[in-house]
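S.K.: show me how the following folds:
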Amino acid sequence: MFSGAEGGSFPLLRKKRNQLARIVEEGFVKRVAINKLRWKPLLLQIYRLAIVVVTLLLIRHHFQYLEIQGDAPV
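M.R.: The predicted structure is shown next:
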């Protein structure tokens, strides 16, 4: 090998390696951000559906309670 090559003392190679690392890191960050944005609408729809289901269950429970209790005096 060339003398000094082991330590990465070539400034041009070090610059290119840093540029490549930055490009790869930025690409990864962008992909992660895009993937997170894809999940947000789906998670929001699931949350809304869960709220509707819980509301319906509470209404059902309330009417069952009224049906069982009936016209019982206090």
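
S.K.: what about the helices in this protein?
M.R.: Counting by DSSP state H, the segments of the chain that form helices are 11-69.

S.K.: where does it have low pLDDT?
M.R.: Scanning the chain with the threshold set as pLDDT under 70 gives 1-9, 28-30, 32-36, 73-74.

S.K.: let's see that with 50 instead.
M.R.: For the chain, the stretches with pLDDT under 50 are 1.

S.K.: what about Phe10, how many neighbours?
M.R.: For Phe10, the neighbour count with other Cβ atoms under 10 Å is 13. All C-beta spots, glycine's among them, are computed from the backbone N, C-alpha and C.

S.K.: what do you get for Arg31?
M.R.: Arg31: 10 surrounding residues under other Cβ under 10 Å.

S.K.: for it, give its distance to Arg38.
M.R.: Distance of Arg31 to Arg38, given as Cβ to Cβ, to the nearest Å: 11 Å.

S.K.: please apply the same query to Pro11.
M.R.: To Arg38, Pro11 is 41 Å away according to Cβ to Cβ.

S.K.: again, but for Glu26
M.R.: In terms of Cβ to Cβ, Glu26 sits 19 Å off from Arg38.

S.K.: check Arg60 too.
M.R.: On the measure of Cβ to Cβ, Arg60 and Arg38 end up 34 Å apart.

S.K.: kindly report the same for Phe10.
M.R.: From Phe10 to Arg38 the distance is 41 Å (Cβ to Cβ).

S.K.: same question for Tyr47.
M.R.: From Tyr47 over to Arg38 the distance is 16 Å, taken as Cβ to Cβ.

S.K.: ditto for Leu66
M.R.: 44 Å.

S.K.: likewise Leu58?
M.R.: 32 Å.
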